[in-house]
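Colleague: sequence and predicted structure, then a few things I'm wondering about:
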Amino acid sequence: MKLRFMSIFAAAAMLAACESAPESGATQASTASAPAAAKPSIVPGSEQDFIANVGDRVFFDYDKFALRADAKAGLDKQVAWLKKYPTYKMTIEGHADERGTREYNLALGERRANAVKDYMVGAGIAKDRVKTISYGKERPVALGSNEAAWSQNRRGVTVLGK
Amino acid sequence: MMTNPSFSFLSTGWTLPMLSRLRCAALLAAFAFLALVAIQPAAAEVRIDITRGHMRPLPIAIPDMFGGQPQESQLGKDIARVVAADLERSGLFKPIDQRAFIQNVASLQAGPRFADWKQINAEALVSGKVEIGSDGRMRVEFRLWDVFSEGQMAGQAYTASPSGWRRIAHLVADSIYKRITGEDGYFDTQIVYISESGPKTDRKKRLAIMDQDGENHRYLTAGEDLVLTPRFSPTAREITYMSYFKGIPRVYVLQIDTGRRELLGDFPGMTFAPRFSPDGNKVVLSLAQDGNTELYEMNLMTRQKRRLTNHPAIDTSPSFSPDGSRIVFNSDRGGAQQIYTMDADGGNVARISFGDGRYATPVWSPRGDLIAFTKMKGGEFFIGVMHPDGSGERLLAQGFLVEGPTWAPNGRVLAFWKEGPSDERGRGISSRLYTIDLTGLNERQVLTPQDGSDPAWSPLIP
């Protein structure tokens, strides 16, 4: 739960970075108003460091599991960080948006998680450091029934563990 | 669980119905394409023709069942109320307001005064009696009358514990439904589903079970683990479902009466989308491993598992034909989600859905004649049916999200769930269970204590 909360925090921070004016979500707006990089408390090599300064997630197109160019760039950053801090293991969560059926989306989420895993392993991360899990459409991070939310929910999230 | 009630036909008056009249000849013509009624009763009696056209629900009088003692009288009232509610919800019957009745319950025991029932335009009449014997057992008898022909259409007696009165009421309703429509009833059934609460980003989900009318609701899990897609075994005493117990998504089988839960098989990845075979000996499911989802069967007797598909695409949502010889499933092997059938051993794969859009969640009708599905097209979701060869597609329901049809055991009513869109703060989310007639008429919400999804209809309770 702690990790999940941090993921949400990170998503809010990323949204703020991409969009000039955060939308109506009051909690998101207030969290995002403090730039993550300015926080003095983030220890290099910590989970917070990974989430705030590297980015723990990549996004997918509708009903696709191929990694986009921006996703590969994000994973390159993740891989560099994970090589620097090799004690971390990780679970890749695969998620889908709400515009699909439940069972198919579980399979799609598993595909996405494995696309991320395969890329990391291909880039030199030891296979036994990486596990995958699919949540299908069960755990969206962005609320709202519109493309802005759906594009945030079609994601692969790297959750660090020991 | 309650003990099984016993029943017997009432020997007196178990006669074939007299002549009445044809209800609506025009509707018969429109009826043929559905091919829903296997045996058509003689056209001249009180009956309901199930058609796609606008049906006029049959006016039926359901007085309280007679009881000599206060407890019997109360049970008679309760049973009549549940029978009337069942029949009304089917959309095929219109129970007449009891305040309009002329003949009273006590005098009805001596036989109907048909003129009194004709006067209030009742076309069918139900009379009944509740007696509690010295052994504490309850005996319920009922008779169904054709008001215009002044004859008895059906009569049965049931014996059960008084606490089983609801089930008796559903059996009476099933008997009336069957006698008048020619179709098997579906009221003595249960629905298992996922009860939902909380924000969409952290939805709490619990297995829950209830009678088909929403009564006798109870939770089967406490909500600590994410649970999805429950389905009944053919005996309705087990449920197979998916749980994220200990954070690992796997298929389980739950014994309803004992609460015993068993992990199904030792699979090297996520298992999901389970469904029992019609004989209850196997569960067919999806295994996702290394980015590929295939169909497997697990034999519950031998514990052997067998791979049924071998394709880099997603293969999921399998459902057996009622004779167990074929499986319908969902695959994106053609580029996007479509519906396919294959032999139960994985051979003879054939795509059956070819319309615009994506097709998902195919479920074979218990009668074998149709496959229900979810369709996605143009940003909307639909519930529809098609024949097993893919012909005759008809869409029955639509919405922002409608998903997951499940068949009533008589194969002519479907349950599914509906979700609405939410705004940026997650307001407005809702997830509700509905039933709809195969004609696309009579869409009804099934009331649940909290939000609901993933309904699965039981077979008739054995």
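Modeller: Everything's here; your move. Numbers count the residues shown, from 1 in each chain, chains lettered A, B, ... in the order given.
Colleague: now do the contacts for whatever residue of the stretch 201-350 of chain B ends up closest to chain A.
Modeller: The stretch 201-350 of chain B approaches chain A most closely through residue B:291 (3.3 Å), counting by CB to the nearest CB. For the C-beta atoms, the positions are set from N, CA and C on the backbone; glycine is no exception. Listed by CB atoms under 8 Å, 6 or more residues apart in numbering or on different chains, the contact partners of residue B:291 are A:65, A:110-111, A:113-115, A:118.
Colleague: and the furthest pair within those?
Modeller: Checked with CB to CB, those reach their widest spread between A:110 and A:118, with 12.2 Å between them.
Colleague: quick one, which of these two is more surrounded?
Modeller: The neighbour comparison of residue A:110 against residue A:118 (other CB atoms under 10 Å in any protein chain shown) goes to residue A:110, with 31 against 17.
Colleague: am I right that that one is in a helix?
Modeller: Yes: secondary structure of residue A:110 (DSSP: H, G, I helix; E, B strand; the rest coil): part of a helix.
Colleague: among the contacts of residue B:291, which are in reach of chain B?
Modeller: A:65, A:110-111, A:113-115, A:118 (CB under 8 Å from any CB of the partner chain).
Colleague: and the stretch 301-450 of chain B, which residues reach chain A?
Modeller: With the criterion set to CB under 8 Å from any CB, the stretch 301-450 of chain B comes near chain A through B:314, B:316-317, B:330, B:332, B:336-337, B:360-361, B:374, B:376, B:379, B:400-401, B:403-404, B:419, B:421-426.
Colleague: filter the residues you listed down to the buried ones.
Modeller: Burial of these was assessed by neighbour count (16 or more other CB atoms under 10 Å in any protein chain shown); the buried members are B:314, B:316-317, B:330, B:332, B:337, B:360-361, B:374, B:376, B:401, B:403-404, B:419, B:422, B:424, B:426.
Colleague: run through who's touching stretch B:228-236.
Modeller: When contacts are taken as CB under 8 Å, 6+ apart, the neighbours of stretch B:228-236 outside the stretch itself are A:102-103, A:106, A:138, B:189-190, B:192-194, B:205, B:207, B:238-243, B:253, B:256, B:272-276, B:278-280, B:454, B:456-459, B:461-462.
Colleague: off-centre distance for it?
Modeller: 12 Å (CA atoms, centre = their mean, to the nearest Å).
Colleague: buried residues in that stretch?
Modeller: In stretch B:228-236, counting by 16+ other CB under 10 Å, buried: B:228-234, B:236.
Colleague: what's downstream of the helix or strand of chain B with the lowest mean pLDDT, the next helix or strand?
Modeller: Lowest mean confidence among the helices and strands of chain B (mean pLDDT, DSSP states H and E): helix B:25-31, at a mean of 29. Stepping forward along the backbone from helix B:25-31, the first helix or strand reached (DSSP states H and E) is strand B:58-61.
Colleague: just the mean pLDDT for that following strand, thanks.
Modeller: Across strand B:58-61, the average pLDDT comes to 97.
Colleague: skipping adjacent residues, who's closest to residue B:61 in space?
Modeller: residue B:122 (3.9 Å; CB to CB, 6 or more residues apart in numbering or on different chains).
Colleague: from what I can see the one you found touches residue B:60, true?
Modeller: Yes: with contacts defined as CB atoms under 8 Å, residue B:122 counts as touching residue B:60 at a distance of 6.5 Å.
Colleague: which neighbours do these two share?
Modeller: Any residue near both residue B:122 and residue B:60 by CB under 8 Å, 6+ apart counts here, and that gives residue B:96.
Colleague: residue 88: how many residues sit nearby?
Modeller: Defaulting to chain A. Residues near residue A:88, counting by other CB under 10 Å, number 17.
Colleague: the intended chain is chain B.
Modeller: Residues near residue B:88, counting by other CB under 10 Å, number 17.
Colleague: do you know how far it is from residue B:256?
Modeller: Taking CB to CB, to the nearest Å as the measure, residue B:88 falls 28 Å from residue B:256.
Colleague: how about residue A:124?
Modeller: For residue A:124, the distance to residue B:256 - CB to CB - is 50 Å.
Colleague: all helices for the chain, in order.
Modeller: All of this is about chain A. A:2-18, A:26-32, A:47-49, A:69-84, A:102-122, A:147-153 (DSSP state H).
Colleague: meant chain B actually
Modeller: B:25-31, B:70-89, B:105-108, B:114-119, B:165-181.
Colleague: and these, which is most packed in?
Modeller: Among the helices of chain B, ranked by average contacts under mean count of other CB atoms under 10 Å in any protein chain shown, first place goes to helix B:165-181 (a mean of 24).
Colleague: off-centre distance for it?
Modeller: Between the centre of helix B:165-181 and the centre of its chain there are 14 Å (CA atoms, centre = their mean).
Colleague: what does the pLDDT read for residue 52?
Modeller: Chain wasn't specified; assuming chain A. Reported pLDDT at residue A:52 in the predicted model: 96.
Colleague: sorry, should have said chain B
Modeller: According to the predicted model, the pLDDT of residue B:52 comes to 49.
Colleague: same question, residue B:425
Modeller: Residue B:425 carries a pLDDT value of 85.
Colleague: backbone phi and psi for it, please?
Modeller: With angles defined as degrees, to the nearest 10, residue B:425 sits at phi -100, psi 10.
Colleague: can you tell me how far it is from residue A:145?
Modeller: Distance, residue B:425 to residue A:145, using CB to CB: 12 Å.
Colleague: again, but for residue B:352
Modeller: Computed with CB to CB, the distance linking residue B:352 and residue A:145 is 31 Å.
Colleague: contacting residues for the residue most central in space within chain B?
Modeller: In chain B, the residue lying closest to the centroid (CA atoms, centre = their mean) is residue B:408, at 2.5 Å. If you count contacts by CB under 8 Å, 6+ apart, residue B:408 has them with B:186, B:189, B:212, B:414-415, B:435, B:457.
Colleague: same question, residue B:440
Modeller: Taking CB under 8 Å, 6+ apart, we find residue B:440 in contact with B:52, B:394-397.
Colleague: same deal with residue B:239?
Modeller: B:192, B:207, B:209, B:220, B:230-233, B:253-254, B:256, B:456.
Colleague: do the same with residue B:214
Modeller: Under the criterion of CB under 8 Å, 6+ apart, the contact partners of residue B:214 comprise B:446-448.
Colleague: how much space between the closest residue to residue B:256 other than its chain neighbours and residue B:124?
Modeller: Spatially, and ignoring its direct neighbours in sequence, residue B:256 is nearest to residue B:237 (5.6 Å; CB to CB, 6+ apart). As judged by CB to CB, residue B:237 and residue B:124 stand 34 Å apart.
Colleague: cheers, nothing more for now.
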